[in-house]
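Novice: Any chance you could fold what I've pasted below:
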Amino acid sequence: MSLTKQRQQTAYEALAEQFGYTSTMQGPRITKVIVSTGVGKKRDKKQVELIADRLAKITGQKPSERAAHTSIASFKLREGDVVGLQVTMRGARMYDFIDKLIHIALPRTRDFRGLNPKAIDDMGNMTVGIKEHTIFPETSDEDLKDVFGLAVTIVTTAKSKAEAEAFLRHIGMPLVVDGSVKR
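Specialist: You can find the predicted model right below:
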């Protein structure tokens with residue numbers, strides 16, 4: 001069992017008094033993790049396949065292509081062109097990815113001092129932007145000329161921003177408090 005899943009199961013006891021939970025079902029949980037990236041101006045099929053392959057290595061799941069809804073002539077974009085890739089993870093793969101993100105990938109980020117709690121929205125979800133995909137161990141030894149960024153969205157059942165922040169701190173997300181990282 002992953003560390004994140006174990007901590008999620010103890011979240012009810014840890015947060016019940018603070019938020020007034022009366023049932024274990026009221027405690028926040030992680031429902032899914034979405035990893036997405038844009039392919040940018042890389043209209044070349046091989047570049048899109050390369051990004052899809054690396055995203056599959058990072059997440060352990062094949063990404064789905066996201067197509068343009070409308071044509072925009074000034075960007076030389078046609079309806080149906082691939083503009084991004086997305087992976088939605090649930091279950092054991094999701095917990096393994098969060099463990100890898102917290103304990104391996106984020107500490108490898110250059111000048112990492114923690115994540116800003118402002119990344120949590122009012123609905124209790126957190127979106128983290130990662131500038132370089134090379135922080136993940138599956139892709140660090142590959143060519144550095146094709147570096148791309150990605151966004152990781154952690155979707156929770158928390159009902160407010162404060163509840164989500166307390167929950168994410170409890171599961172080990174390195175959020176910044178007064179200029180220092182608290183886990």
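Novice: Does residue 158 touch residue 28 like I think?
Specialist: Yes: using C-beta atoms under 8 Å, residue 158 is in contact with residue 28, at 4.0 Å. Where C-beta positions appear, they are placed from N, C-alpha and C, glycine not excepted.
Novice: how about the residue most central in space within the chain, what does it touch?
Specialist: In the chain, the residue lying closest to the centroid (C-alpha atoms, centre = their mean) is residue 152, at 2.1 Å. By C-beta atoms under 8 Å, 6 or more residues apart in numbering, residue 152 lies in contact with 33, 34, 35, 101, 127, 128, 130.
Novice: Pretty sure the fifth one sits against residue 115.
Specialist: No: in this structure, residue 127 is not within contact of residue 115 by C-beta under 8 Å, at 10.3 Å.
Novice: These two: which has the busier surroundings?
Specialist: residue 115 (19 against 14; other C-beta atoms under 10 Å).
Novice: Quick one, grab the pLDDT at the more buried one.
Specialist: Note on residue 115: pLDDT of 89.
Novice: got the phi/psi numbers for the closest residue to it other than its chain neighbours?
Specialist: What sits nearest to residue 115 in space, not counting adjacent residues and going by C-beta to C-beta, 6 or more residues apart in numbering, is residue 175, at 5.4 Å. Dihedral angles of residue 175 (phi, psi; degrees, to the nearest 10) stand at phi -90, psi 140.
Novice: beta partners of residue 175?
Specialist: residue 115, residue 182 (DSSP bridges).
Novice: Then residue 32?
Specialist: Going by DSSP bridges, residue 32 forms beta bridges with residue 155.
Novice: Count the neighbours of it for me.
Specialist: 14.
Novice: tell me, what's touching residue 158 and residue 28 both at once?
Specialist: Common neighbours of residue 158 and residue 28 (C-beta under 8 Å, 6+ apart) are 124, 164, 167.
Novice: so residue 87, which of the three states?
Specialist: Assigned with DSSP: H, G, I helix; E, B strand; the rest coil, residue 87 falls in the strand class.
Novice: State the pLDDT value of it.
Specialist: On the pLDDT scale, residue 87 is placed at 95.
Novice: quick check: mean pLDDT across the helix or strand harbouring the residue nearest to the centre of the chain?
Specialist: Here residue 152 sits within strand 150-156, counting by DSSP states H and E. Averaging pLDDT along strand 150-156 gives 94.
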